[in-house]
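Asks: No letters, just coordinates:
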């Protein structure tokens, strides 16, 4: 089981990953005991307890609890792991968003993973803070050991709507696995747009990276198109290794998602990311 310290170290390593479509309000990590702005009688812990009802501060500075409320996995079906028997939460990621032209608050709680589970349990929660705070929806977005918002966590697809971007990941000595999920908020419910899997590899002879970026040029209604691009780059190390070094190469793999009124969802214009995921699996 990944320790809390390991999760914090991974979070620090991932902070430099920037997005092309930055926002004025980025992800923050307030103290759970601190008051929610505009609600001096409500703390982030009060919001967190809507997800983990018995969550409470402990002597070691963390917040402990047991089982979270029942929820579905964002990808549906039997996806997702199980939470640990005891939740040990250092903090939560907080991100103000717009949904249906309303102000909403999204929070991401990485609760860790059960001993017999290969995947972590990460709760993405949506709150309405107008008046008495309410929990509108909560889903498990964990697909790997550790989960985060991809900085800055959201992409505007209209004047009153943001798409959320979460990621789950784990690393070993020379490989990094990242699963990114695009999430639309519609009718105050989370809906998955797509899951994009990328894979980095750093061996003696070369380093191969797959960097992911997003753009939403606007103009389409009710939601702007979203263009996702994976830049797949291989760079020789210049070291003397047993295996031959490949040539330096870089190419882009892109999919554009358009809103389909008939399907009432975003639809990608190709299966390029599915093919990339299958190709990556052969390299594991």
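Replies: All right, it came through fine. Given the structure is predicted, the values throughout are model-derived calculations rather than measurements. Numbering: from 1, shown residues only.
Asks: And the pLDDT at residue 26?
Replies: We note a pLDDT of 88 for residue 26 in this prediction.
Asks: pretty sure it is in a helix, no?
Replies: No: applying DSSP: H, G, I helix; E, B strand; the rest coil, one finds residue 26 to be coil, outside a helix.
Asks: give me the number of residues near it?
Replies: 14 (other CB atoms under 10 Å). C-beta: built from backbone N, CA, C; applies to glycine.
Asks: my guess is it contacts residue 152, does it?
Replies: Yes: contact criterion CB atoms under 8 Å: residue 26 and residue 152 qualify, at 3.9 Å.
Asks: Next, show the common contact partners of those two.
Replies: Shared contacts of residue 26 and residue 152, defined by CB atoms under 8 Å, 6 or more residues apart in numbering, comprise residue 95.
Asks: Need the three-state assignment for residue 270.
Replies: Residue 270 is classified as coil under three-state DSSP.
Asks: residues in contact with it?
Replies: By CB under 8 Å, 6+ apart, the residues touching residue 270 are residue 255.
Asks: Now do it, the pLDDT please.
Replies: Looking at residue 270, its pLDDT stands at 97.
Asks: just residue 3 next, same as before
Replies: 48.
Asks: All further residue positions should be reported with the first residue as 14.
Replies: With 14 as the first residue, the last one maps to residue 16.
Asks: Show the residue spans covered by the strands in the stretch 164-297 of the chain.
Replies: Listed in chain order, the strands found in the stretch 164-297 of the chain under DSSP state E, counting those that start in this stretch are 174-184, 188-199, 202-215, 219-228, 239-249, 262-273, 278-281.
Asks: Just send those back as TSV, with mean neighbour count too.
Replies: Shown next, in TSV, are the strands of the stretch 164-297 of the chain (neighbours: other CB atoms under 10 Å):
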stretch	mean neighbour count
strand 174-184	23
strand 188-199	20
strand 202-215	19
strand 219-228	18
strand 239-249	18
strand 262-273	15
strand 278-281	16
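Asks: Select, out of these, the one closest to residue 112.
Replies: The stretch from those with the least distance to residue 112 (CB to CB) is strand 188-199; that distance is 3.8 Å.
Asks: Give the residue spans of this structure that score low on pLDDT.
Replies: For the chain, applying pLDDT under 70 flags the ranges 14-37.
Asks: Next, name the residue at the spatial heart of it.
Replies: residue 179 (1.3 Å; CA atoms, centre = their mean).
Asks: Do I have it right that that residue meets residue 163?
Replies: Yes: Residue 179 lies in contact with residue 163 (CB under 8 Å); the separation is 6.8 Å.
Asks: Give the residues shared as contacts by these two.
Replies: With CB under 8 Å, 6+ apart, residue 179 and residue 163 have common neighbours residue 193.
Asks: got a list of contacts for stretch 248-264?
Replies: Residues outside stretch 248-264 that contact it (CB under 8 Å, 6+ apart) are 216-222, 244-247.
Asks: meant to ask about stretch 129-137
Replies: 15, 64, 81, 84, 87, 93-97, 119-127, 151-160, 177, 179, 181, 196, 203.
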